[in-house]
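Visitor: for reference, the sequence and a predicted model appear below.
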Amino acid sequence: MRVSSKFGSIAGIIGVSLIVLLIAVALFGPLLGLASPTANNLMARLAPPSFNTTKGLHLFGTDQLGRDVLSRTIHGARVTLTIGATAVLLGGAIGIVIGLVAGYYGRWVDAVLMRIVDVQLSIPLSLLALLVVGTIGPSLQNLIFVLALTSWVQYARVVRGQVLVVREREYIQSAHAIGLGDVRIIFQHILPNVLSAALVIATIELARVIILEAALSFLGLGVQPPSPSWGRMLAEGRSYMSSAPWIAIFPGAAIFITALSVNLTGDWLRDLLDPKVT
Amino acid sequence: MTRTEPLVRIENATKVYESRGWRNARPAPVVNGVSLDIARREIVGLVGESGSGKSTLGRMVLRLETLTGGRLWFDGQEITNASRNEMRPLRKAMQVVFQDPYAALSPRMRVGDFVAEPLCVHSGRNRSEREERVAELFSTVGLDPALMRRFPHEFSGGQRQRICIARAIASDPSFIVADEPITALDVSIQAQIVNLFKELQQRMGLTYLFIAHDLSMVRYLCDRVAVMLRGRIVEIGPAASVFGNPLHPYTQALLSAAPVPDPDVERRRTRLIYDPERYPAGEALEERAPGHFLLV
């Protein structure tokens, strides 16, 4: 117990500091005075990472158009983190509310909402994304909307399952017995007891959403060039993987670090919210 | 309001759970035509085996469960089909204490807030007044008010049950359904909690429907006892009369199953076994002794 909670707090500190670092980079990185992330320099294309300044300083090397990979990775943090966080929050909010309502009211409400979930799950993701973006056009808002649309079902299903368990507990009966309204029962008594499950989903979803954004950007439905996103950079670097691996490695590492830090923070947050551990 | 008018009146209450699915087994009533009046300041014990419908009846009285048939009155007002909004003002006067004190407390709520919750719903006190009242309630049930800010997992079973009782009496109710409140507790703690119930009853003039397994506790606490079997009350009467002169073979079997704290007597005793096949199901309650009814 002691050891695990101690370990948990160390992992939590690492996770939180990484997230703070990532956000700081996203906010203040562009102020470092690096080359513009969209400035082509065909004379310096595919330069490997080096401290050599003959072709301009490119710590992370340059890509196929001679753009500075470091600068693009930093600017990409803004795009990717904004998309990821917003999509997860939006999808989470929708999914949690639907899960709570379905689980709490049961009967036909549950049946209808869960059939919508089934429908959502049965539509291939790429088809849905093509359809939505094809209809309303590719833009940042639409991309977030599509990602949230693919993500809410996960929350809805897990939260509903938890609500079914919690709803039968005696403290919920006792909330009915003092005449509490549905809204207060759902948000004061049920929500706090299902939130930790939703939090675990959120940490998994954030990583998934970032990867998915990469896939959509690769298909040309996501972030539009020349705007840098990690997923896009990964997709572009793919064809140069053997000759110029740094184009894909740095944004790939950024995605990895983000997903890891979010997961560590999620674990720590879940323990923090559990009154038994703190 | 006359003195003789019962606080709770149950008439022919029936509960049937609809069976779902295509096979549609014939639904059996969980509570089958139960009638029971509970007078003010009276403690009625409800005993019977698991699945006899006693907890369901308790929840029906509080309208936590709808009635399939029959009628229900509380304090002279019919509440058989009262809506949630109609029930809300009455909930101040009727409360519940559950069996499992580990499931009865919300694990993420401070126990003080849990006790204060009925006050938030039913009275317009502000925060500091509520806190004062909660501290008072904690002292009433024998807990240190300093524990208000703790979470449930820091308490023992007996303490948790005291917290539940504090919450139940917070809105100053007149009627409490205690659904096996001592079953999950250690024997040494059971007596303390039963004494707390008794003390509160005398001090606040409460009325209880006390559902229990433990016959000796029921005998000690209750004025009247009702014995339930398969959804029906088979015997009901003053505690002394039912325990002293059990009439229904099921009551006799139930009493013979309870151990006697004397080894000699205990060894010579024969356990009676109630075989439902040997006895008729019974039609109606018949008075055999003053206030003592038997289902025949």
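Guide: Cool, the structure landed.

Visitor: make it CA atoms for all contacts and neighbour counts henceforth
Guide: Fine.

Visitor: looks like residue A:227 contacts residue A:38 (just checking).
Guide: Yes. Assessed by CA atoms under 8 Å, residue A:227 is found in contact with residue A:38 at 7.2 Å.

Visitor: okay, those two: which has more neighbours?
Guide: residue A:38 (17 against 14; other CA atoms under 10 Å in any protein chain shown).

Visitor: find the closest residue to chain B in the stretch 1-150 of chain A.
Guide: Proximity of the stretch 1-150 of chain A to chain B (CA to the nearest CA) peaks at residue A:107, 11.5 Å away.

Visitor: quick check on that residue: phi, psi?
Guide: Residue A:107 adopts backbone torsions of phi 50, psi -130, taken as degrees, to the nearest 10.

Visitor: before we move on, what about residue B:225?
Guide: phi -130, psi 140.

Visitor: for the stretch 151-296 of chain B, which segments are assigned as strands?
Guide: B:175-179, B:207-212, B:224-229, B:232-238, B:285-289, B:292-295 (DSSP state E, counting those that start in this stretch).

Visitor: would you turn these into JSON lines with mean pLDDT?
Guide: Shown next, in JSON lines, are these (pLDDT from 0 to 100):
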{"stretch": "strand B:175-179", "mean pLDDT": "90"}
{"stretch": "strand B:207-212", "mean pLDDT": "90"}
{"stretch": "strand B:224-229", "mean pLDDT": "89"}
{"stretch": "strand B:232-238", "mean pLDDT": "87"}
{"stretch": "strand B:285-289", "mean pLDDT": "75"}
{"stretch": "strand B:292-295", "mean pLDDT": "80"}
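
Visitor: JSON lines please, covering those and showing mean neighbour count and distance to residue B:44.
Guide: Output for those, formatted as JSON lines (neighbours: other CA atoms under 10 Å in any protein chain shown; distance: least, CA to CA, whole Å):
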{"stretch": "strand B:175-179", "mean neighbour count": "25", "distance to residue B:44": "10"}
{"stretch": "strand B:207-212", "mean neighbour count": "24", "distance to residue B:44": "5"}
{"stretch": "strand B:224-229", "mean neighbour count": "24", "distance to residue B:44": "5"}
{"stretch": "strand B:232-238", "mean neighbour count": "25", "distance to residue B:44": "9"}
{"stretch": "strand B:285-289", "mean neighbour count": "14", "distance to residue B:44": "17"}
{"stretch": "strand B:292-295", "mean neighbour count": "21", "distance to residue B:44": "13"}
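
Visitor: save those strands as a markdown table, and put in distance to residue A:86 too.
Guide: Shown next, in a markdown table, are the strands of the stretch 151-296 of chain B (distance: least, CA to CA, whole Å):
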| stretch | distance to residue A:86 |
| --- | --- |
| strand B:175-179 | 47 |
| strand B:207-212 | 52 |
| strand B:224-229 | 58 |
| strand B:232-238 | 58 |
| strand B:285-289 | 67 |
| strand B:292-295 | 67 |
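
Visitor: so which of those strands gets nearest residue A:263?
Guide: Ranking those by proximity to residue A:263 (CA to CA) places strand B:175-179 first, at 43.3 Å.

Visitor: identify the residues contacting the closest one?
Guide: B:55, B:58, B:62, B:93-99, B:168, B:206-212 (CA atoms under 8 Å, 6 or more residues apart in numbering or on different chains).

Visitor: those: which ones sit near chain A?
Guide: B:62, B:94-96, B:98 (CA under 8 Å from any CA of the partner chain).

Visitor: only whichever of those are buried, select them in PyMOL.
Guide: Selecting just the buried residues from these in PyMOL takes one command, with 16 or more other CA atoms under 10 Å in any protein chain shown as the test:
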select buried, chain B and resi 62+94+95+96+98
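
Visitor: export the ones next to chain A among the contacts of strand B:175-179 to CSV and tack on secondary structure and pLDDT?
Guide: Listed next are these as CSV, based on DSSP: H, G, I helix; E, B strand; the rest coil; pLDDT from 0 to 100:
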residue, secondary structure, pLDDT
B:62, coil, 88
B:94, strand, 89
B:95, strand, 88
B:96, strand, 89
B:98, coil, 88
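
Visitor: of the ones next to chain A among the contacts of strand B:175-179, closest to residue A:216?
Guide: residue B:98 (53.3 Å).

Visitor: and the strands of the stretch 151-296 of chain B: which comes nearest residue A:268?
Guide: Here strand B:175-179 is closest among the strands of the stretch 151-296 of chain B (CA to CA), at 38.7 Å.

Visitor: could you give the angle of the closest one to strand B:207-212?
Guide: Put simply, strand B:175-179 runs at 0 degrees to strand B:207-212, going by axes from the mean of the first three to the mean of the last three CA atoms, to 10 degrees.

Visitor: ok, strand B:175-179: who's next to it in the sheet?
Guide: Strand B:175-179 has the following strand partners under DSSP bridges: strand B:94-97 (parallel), strand B:207-212 (parallel).

Visitor: list the contacts of the first one.
Guide: The set of residues external to strand B:94-97 that reach it, using CA under 8 Å, 6+ apart, is A:174, A:177-178, B:62, B:164-165, B:168-169, B:173-179, B:181.

Visitor: let's go with 6 Å and repeat that
Guide: B:168, B:173, B:175-178 (CA atoms under 6 Å, 6 or more residues apart in numbering or on different chains).

Visitor: and for whichever residue of chain B sits closest to chain A, the neighbour number?
Guide: Residue nearest to chain A within chain B: residue B:104 (4.3 Å; CA to the nearest CA). When neighbours are counted by other CA under 10 Å, residue B:104 registers 22.

Visitor: same thing with the one 5 residues further on?
Guide: With neighbours defined by other CA under 10 Å, the count for residue B:109 comes to 18.

Visitor: still on that earlier bit, contacting residues around the residue of chain B closest to chain A?
Guide: Taking CA under 6 Å, 6+ apart, one finds A:170-171 in contact with residue B:104.

Visitor: which element is it on?
Guide: Using DSSP states H and E, residue B:104 sits within no helix or strand.

Visitor: now swap in the one 4 residues further on and tell me
Guide: For residue B:108, there is no enclosing helix or strand under DSSP H and E.

Visitor: any idea how far it lies from residue A:165?
Guide: Residue B:108 sits at a distance of 15 Å from residue A:165 (criterion: CA to CA, to the nearest Å).

Visitor: show me which of those two is the more surrounded one.
Guide: residue B:108 (19 against 13).

Visitor: wait, what's in contact with the more buried one?
Guide: With CA under 6 Å, 6+ apart, residue B:108 has no contacts at all.

Visitor: confirm residue B:89 sits in a strand?
Guide: No. Counting by DSSP: H, G, I helix; E, B strand; the rest coil, residue B:89 falls outside a strand, being helix.

Visitor: okay, residue B:47 and residue B:196: tell me how far apart.
Guide: Taken as CA to CA, the span from residue B:47 to residue B:196 is 20 Å.

Visitor: do the same with residue A:194
Guide: 34 Å.

Visitor: what's near enough to touch residue 41?
Guide: No chain specified, so I'll use chain A. residue A:66.

Visitor: you answered for a different chain; I wanted chain B.
Guide: With CA under 6 Å, 6+ apart, residue B:41 has these contacts: B:205-207.

Visitor: again, only this time at 8 Å
Guide: B:201, B:205-208.

Visitor: which of the residues you listed sit farthest apart?
Guide: Counting by CA to CA, the most remote pair of these is B:205 and B:208, 9.9 Å apart.

Visitor: residue A:194 and residue B:196: which has the busier surroundings?
Guide: Each of residue A:194 and residue B:196 has its neighbours counted (other CA under 10 Å); residue A:194 has more, 20 against 17.

Visitor: contacts for stretch A:139-148 next, please.
Guide: Against stretch A:139-148 from outside (CA under 8 Å, 6+ apart): A:83-84, A:86-88, A:90-92, A:129, A:132-133, A:136, A:209, A:212-213, A:221-224.
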